[in-house]
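Trainee: turn this into a model:
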Amino acid sequence: MDDLVKFLRDRNMADNHAYAEVAHRFGGDALLDSHLPLLDLVDMLAREYEAMDPADARHAGLAYALEVLARSYTEHPDYRQEWRR
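Mentor: Next up, the predicted model:
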């Protein structure tokens, strides 16, 4: 699961950089207002998972949510099919 969380956080960082480049070139109006906050929220969930005690009752549910969110990157060459339940 650690590899999946790292993969998801890396994809979020890459997406953030891509959106920043678009905003720099074309202005902030070129982006949908929901993209960057959504990326921040996904990263927040990944950070919470990393800090969470595995005995926490929410641990399994958060792990599943991160697996589902990572599916948006199934076409990425580093995505692993084993992450899909």
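
Trainee: buried ones in the helix or strand hosting residue 38?
Mentor: Using DSSP states H and E, residue 38 sits within helix 35-51. Applying a neighbour-count criterion of 16 or more other C-beta atoms under 10 Å, one finds 36, 39, 42-43, 46, 49 buried in helix 35-51. Using the backbone N, CA and C atoms, a C-beta is placed for each residue, glycine as well.

Trainee: ok, so of those, who is nearest residue 71?
Mentor: residue 42 (12.2 Å; C-beta to C-beta).

Trainee: relative to residue 69, how far out is that closest one?
Mentor: 6 Å (C-beta to C-beta, to the nearest Å).

Trainee: re the thing from before, pick out the lowest-pLDDT one from the buried residues of helix 35-51.
Mentor: Lowest pLDDT of those: residue 36, 75.

Trainee: settle this for me: it is touching residue 17, isn't it.
Mentor: No: contact status for residue 36 versus residue 17: not in contact, 11.3 Å apart, counting by C-beta atoms under 8 Å.

Trainee: hang on, the earlier thing: and for the helix holding residue 38, what are the contacting residues?
Mentor: 5, 8-9, 12-13, 15-16, 19, 59, 62-63, 65-66, 69 (C-beta atoms under 8 Å, 6 or more residues apart in numbering).

Trainee: using CSV, write out every CA atom in it.
Mentor: Extracted in CSV, the C-alpha atoms of helix 35-51 (Å, rounded to 0.1, in the frame of the first residue of the first chain):
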residue,chain,number,x,y,z
HIS,A,35,-9.1,21.0,-10.1
LEU,A,36,-6.5,22.3,-7.7
PRO,A,37,-8.6,22.0,-4.5
LEU,A,38,-9.5,18.5,-5.5
LEU,A,39,-5.8,17.6,-5.9
ASP,A,40,-5.1,19.1,-2.5
LEU,A,41,-7.9,17.1,-0.9
VAL,A,42,-6.6,13.8,-2.5
ASP,A,43,-3.1,14.6,-1.2
MET,A,44,-4.5,15.4,2.3
LEU,A,45,-6.2,11.9,2.3
ALA,A,46,-2.9,10.3,1.3
ARG,A,47,-1.0,12.2,4.1
GLU,A,48,-3.7,11.2,6.6
TYR,A,49,-3.3,7.5,5.6
GLU,A,50,0.5,7.7,6.0
ALA,A,51,0.1,9.2,9.5
